[in-house]
Each structure stands twice: as C-alpha cells, then as structure tokens.
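Engineer: please work out how this folds:
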Amino acid sequence: MKTIPCKKFEKKVAKLPKSIQEVLIYKLGIFIEDPFSAVLNNHSLHGSKKSYRSINITGDYRVIYELYDVDTARLIDIDTHSNLY
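Structural biologist: Prediction:
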C-alpha cells in the first residue's frame with residue numbers, strides 16, 4: 001500500500017510528541033506491508049465519515065484515511081479518538 005499524506009495530516013504530525021511520531025512511523029510501516037494487520041484494528045467509519053477508514057496508532061491515537069485507489073491510501077487526519085469523533 002502506498003500512502004499520500006494531505007497537508008492537514010502533515011501539519012498535525014509535526015505537532016505531535018516525538019514518542020507518538022515514532023509509533024506512527026512504525027505503524028505506517030505495518031500499514032504499508034499489510035493494511036489489515038490485526039495490530040492496526042483497521043475499520044470503516046460511519047455517518048458523515050462513512051467514506052473513510054481508521055487505524056489505531058496507540059491506545060488513543062488514530063489515523064483517518066481514504067482509499068485513493070486499490071493500492072494507495074490518502075492520509076486525512078491524526079488525533080486522539082475523542083478529538084476525531
């Protein structure tokens with residue numbers, strides 16, 4: 001899977017604590033190799049975000065993405081669960 005971060009995603013990543021950024025890099029590596037690895041808890045969203053999917057980065061941090069095509073994901077947002085939903 002190839003990833004394309006949007007500008008909003010890049011800005012939010014830059015503001016994250018270094019420890020979260022390190023876990024993000026690790027989890028995105030897993031996502032690129034196997035987007036549906038059980039570690040990521042990859043799932044579709046509902047309601048106004050039904051065209052998006054989410055993966056777990058830590059116990060609280062999530063990445064929201066959308067499939068751009070079969071092999072490409074556009075990274076939309078990253079934040080804590082409560083701030084995203």
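
Engineer: got phi/psi on His30?
Structural biologist: That one is not His; residue 30 is Ile. Its backbone dihedrals place Ile30 at phi -60, psi -40, with angles given as degrees, to the nearest 10.

Engineer: which residue lies closest in space to it, excluding its sequence neighbours?
Structural biologist: In space, not counting the residues next to it along the chain, Ile30 is nearest to Ser37; the distance is 5.2 Å by CB to CB, 6 or more residues apart in numbering. Any C-beta I mention is one placed from the backbone N, CA and C, and that applies to glycine too.

Engineer: distance of the one you found relative to Lys11?
Structural biologist: Computed as CB to CB, to the nearest Å, the Ser37 to Lys11 distance reads 27 Å.

Engineer: neighbour count winner among those two?
Structural biologist: Taking Ser37 and Lys11 together and counting by other CB atoms under 10 Å, Ser37 has the greater number of neighbours (13 against 10).

Engineer: just name the shakiest helix or strand of the chain by mean pLDDT.
Structural biologist: For the chain, counting by mean pLDDT, DSSP states H and E, helix 81-84 ranks last in confidence among helices and strands (a mean of 93).

Engineer: and that helix, what does it pack against?
Structural biologist: Packing contacts for helix 81-84, counted by 3 or more CB pairs under 8 Å, 6 or more residues apart in numbering; DSSP states H and E, involve strand 61-69.

Engineer: for this protein, just list every one of the helices.
Structural biologist: Across the chain, reading from the start of the chain, the helices by DSSP state H fall at 7-15, 18-33, 81-84.

Engineer: nearest to Asp69, of those?
Structural biologist: helix 18-33 (15.0 Å; CB to CB).

Engineer: list the buried residues in that closest one.
Structural biologist: Taking 16 or more other CB atoms under 10 Å as the neighbour-count basis, helix 18-33 is seen to contain the buried residues Ile20, Leu24, Lys27, Leu28, Phe31.

Engineer: from these, which is closest to His81?
Structural biologist: Lowest distance from His81 to the buried residues of helix 18-33 (CB to CB) belongs to Ile20, with 13.3 Å.

Engineer: my guess is that closest one contacts Ile57. True?
Structural biologist: Yes - between Ile20 and Ile57 there is a contact under CB atoms under 8 Å: 7.1 Å.
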